[in-house]
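Trainee: the sequence and its predicted three-dimensional model are supplied below.
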Amino acid sequence: MCILNHAHTSLLLSLCAFSVTALADDGAFVVRPAEIFQHEVEVSLEDGLPFRSISIIGPRLHSQMPGCETSQHTSYNWYKIVGSNHLLNAIQPKDVTFQWNGENFRIERPAYLLTPATILQQSAADAGPDDANVLLAFQLSQKKSAIDPHKPPKARFLCIAVRQRHHDEIYEISFPDCEYLLSQIDSQELTGKINTVDQFGLHRVKRLRTAYRLESIPQSSTQDN
């Protein structure tokens, strides 16, 4: 399993373990919920930092994330973060730049909150590890390629583990070095529905289309700029 160092801190999926390996049964996809939920939660990037309030709405996407220290995968519901850019820009990791595949990226505002979810199936509930991280997906910016300046950047989001508080319950970071990069892919239409349950309740969603490829990043690919 390759991971991004924490200090630097829809659908087809590939996992980079210093070389990219396709995971045919995994995926992240755009969804349309039967009912839209909106919540106010608080997040903190690490222990000792203050919690900051964010407003979320969704779910908007769903994904299967490779395990951090186990072969078991975790299902995630993605909630869009809405609100003032001024407030969201204050939620950033210590180092806001990193390098991947020879390209330099800058970490911008958080765009989604990812919360672990259980997929409800006819036979049994498909649940991931009980100690799975809550994640924030940060938007990425990148300089135009010197080789092909007209080629749009594919890397779009970096997912970082966060502490999260909702009412009186706090979700701690279990795997601080478990982070993921999402790259944009050509969209394909999907069919079918899934039912999930997460910390906010039960969700019935329709699968719409693919949007991203999910990758994890080896520590050796990051460095201070």
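Mentor: Happy to help now that I have it. If you're wondering where the values come from, they're calculated on a predicted model, not measured in any experiment. Numbers count the residues shown, from 1 in each chain.
Trainee: now stretch 54-72, how far from the centre of its chain.
Mentor: Between the centre of stretch 54-72 and the centre of its chain there are 6 Å (CA atoms, centre = their mean, to the nearest Å).
Trainee: and what of stretch 58-75?
Mentor: On the basis of CA atoms, centre = their mean, stretch 58-75 sits 9 Å off its chain's mean C-alpha point.
Trainee: ok, now stretch 73-88?
Mentor: On CA atoms, centre = their mean, the centre of stretch 73-88 falls 9 Å from that of its chain.
Trainee: now swap in stretch 203-218 and tell me
Mentor: 9 Å.
Trainee: now that stretch: mean pLDDT?
Mentor: In this model, stretch 203-218 carries a mean pLDDT of 82.
Trainee: kindly export it (C-alpha atoms) in PDB.
Mentor: Extracted as PDB, the C-alpha positions of stretch 203-218 are listed here (Å, rounded to 0.1, in the frame of the first residue of the first chain):
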ATOM      1  CA  HIS A 203     -29.600   7.100   2.100                       C
ATOM      2  CA  ARG A 204     -31.200   5.700  -1.100                       C
ATOM      3  CA  VAL A 205     -29.200   6.900  -4.200                       C
ATOM      4  CA  LYS A 206     -29.200   6.400  -7.900                       C
ATOM      5  CA  ARG A 207     -25.800   5.800  -9.600                       C
ATOM      6  CA  LEU A 208     -25.300   8.400 -12.300                       C
ATOM      7  CA  ARG A 209     -21.800   8.500 -13.900                       C
ATOM      8  CA  THR A 210     -18.100   8.000 -13.400                       C
ATOM      9  CA  ALA A 211     -15.900  11.000 -12.700                       C
ATOM     10  CA  TYR A 212     -12.600  10.100 -11.100                       C
ATOM     11  CA  ARG A 213      -9.900   7.500 -10.800                       C
ATOM     12  CA  LEU A 214      -8.700   7.000  -7.200                       C
ATOM     13  CA  GLU A 215      -5.000   6.600  -6.400                       C
ATOM     14  CA  SER A 216      -2.800   6.500  -3.400                       C
ATOM     15  CA  ILE A 217       0.600   8.200  -3.300                       C
ATOM     16  CA  PRO A 218       3.900   6.700  -2.200                       C
END
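Trainee: tell me what Gln38 is bridged to.
Mentor: As for beta bridges, Gln38 partners with Ile57 under DSSP bridges.
Trainee: separation between it and Glu108?
Mentor: Distance, Gln38 to Glu108, using CB to CB, to the nearest Å: 23 Å. Where C-beta positions appear, they are placed from N, C-alpha and C, glycine not excepted.
Trainee: now Glu172. Its backbone dihedrals?
Mentor: Main-chain dihedrals, Glu172, degrees, to the nearest 10: phi -80, psi 170.
Trainee: that older thread, comparing Gln38 and Glu108, which shows the higher neighbour count?
Mentor: Each of Gln38 and Glu108 has its neighbours counted (other CB atoms under 10 Å); Glu108 has more, 17 against 12.
Trainee: what's the average pLDDT for the lengthiest strand in the chain?
Mentor: In the chain, assigned by DSSP state E, the strand with the most residues is strand 103-120. What strand 103-120 shows for mean pLDDT is 91.
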